[in-house]
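Novice: Attaching a predicted model along with its sequence, questions to come.
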Amino acid sequence: VTERTELPVVRKTKTWPIIELFGPTVQGEGALAGTTSHFVRFGGCDFRCAWCDSGHAVLPEQVRANATRMDADTITSKLVALPQAEWVTLSGGNPAMQYGVEAIIRPLANRFLFAVETQGTLWKDWLGLVDMLTVSPKPPSSQMAEKSQQSLAGFLAKARERHSSETMCLKIPIHSEPDLHYAAAVKAAHPDLPFYLSVVTEMGGLYGDFAGGHIDAIPDIIARWRWVTETVVGDPRFVGVRIFPQMHALLWGHELGH
Ligand code: SF4
């Protein structure tokens, strides 16, 4: 009988499902809007937002078809090989579904600043290592508001153990009027955190049926941006917010790789 201690040790290298890895491009929204960034898009999400434009990173059958499993060495080598950018943004899907991402962040900590965007449902300790944590709870138009609200306070309490208002912010997508009421309530509950409103771009939605499957043209994006801006600027609940459209949608529409 072979003793357990004599068995060869098989170490399985940790890999993650990567949908896209590209850059440099511009960060299109939130606290880092306008900065240059690479993007690593992880597959998998615990939400199904009605207007989500990233079905390829969310729906399991699409993730299975689109993801390449990569280990930390492969991901860090690919990022280093790209022309230099200031930031690396870890996105998804929900990147906070993934374990062990410190193995990607730590080796590159002297080369890039790291940003994460997550809806604030699943805390992982590696989220404490990043230079900007954007927490983006989802409002009523996403049809995920109830689920979002259940986890937000607990997630932010964990995040505050590792981050200050210098390195974390809130960003709420806005598509329609009820979203503004939701955003105002979140802002009132967390008045110390930088607060961004991000104007939703209609891209057909996760199942191709959001707003009748409509795809925004540039004038549509600008019209909704204008509506949000004109509604918000005179509202005392929103003093201190910043309002952005999705700049990447204005520049490149729905093209992958931006
Ligand atoms: S919008 Fe974000 S949180 Fe919502 S389904 Fe898409 S990737 Fe997930």
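Specialist: Looks like it arrived, so ask away.

Novice: near the ligand, which residues of the protein show up?
Specialist: Within the chain, the positions adjacent to the ligand are 45, 47-49, 52, 54, 58, 92-94, 119, 138 by CB under 6 Å from any ligand atom. Glycine gets a C-beta too; all of them are placed from N, C-alpha and C.

Novice: how about the residue in the stretch 101-250 of the chain positioned nearest to the ligand, what does it touch?
Specialist: Proximity of the stretch 101-250 of the chain to the ligand (CB to the nearest ligand atom) peaks at residue 119, 4.5 Å away. Residue 119 is in contact with 47, 94, 135-138, 144, 148, counting by CB atoms under 8 Å, 6 or more residues apart in numbering.

Novice: Take those and write them to TSV, including distance to residue 104, secondary structure and pLDDT.
Specialist: TSV is the format used below for those (distance: CB to CB, whole Å; DSSP: H, G, I helix; E, B strand; the rest coil; pLDDT from 0 to 100):
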residue	distance to residue 104	secondary structure	pLDDT
47	23	coil	98
94	16	coil	98
135	20	strand	98
136	21	coil	98
137	25	coil	98
138	26	coil	98
144	27	coil	97
148	26	helix	95
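
Novice: Show me where this protein has its helices.
Specialist: 60-66, 72-81, 102-105, 145-162, 177-189, 218-232, 247-252 (DSSP state H).

Novice: of all those, which gets the most neighbours per residue?
Specialist: Per residue and on average, the most neighbours among these fall to helix 102-105, with a mean of 20 (mean count of other CB atoms under 10 Å).

Novice: Show residues contacting that helix.
Specialist: 14, 40, 72, 75-76, 90, 114, 125-126, 129-130.

Novice: So, low pLDDT: which residues of this protein?
Specialist: 1-11, 254-258 (pLDDT under 70).

Novice: Pick out the residue closest to the middle of it.
Specialist: Nearest to the mean C-alpha position of the chain, by CA atoms, centre = their mean, lies residue 117 at 3.0 Å.

Novice: and the closest residue to that one other than its chain neighbours, what are its bridge partners?
Specialist: Spatial nearest neighbour of residue 117, excluding adjacent residues (CB to CB, 6 or more residues apart in numbering): residue 134 at 4.5 Å. Residues found in beta-bridge contact with residue 134 (criterion: DSSP bridges) are residue 117, residue 169.

Novice: Counting neighbours, what do you get for residue 134?
Specialist: Using other CB atoms under 10 Å, residue 134 has 25 neighbouring residues.

Novice: do the same with the one 10 residues further on
Specialist: Using other CB under 10 Å, the number of residues around residue 144 comes to 20.

Novice: Tell me if I'm right that it and residue 138 touch.
Specialist: Yes. Taking CB atoms under 8 Å as the definition, residue 144 is a contact partner of residue 138 at 4.2 Å.
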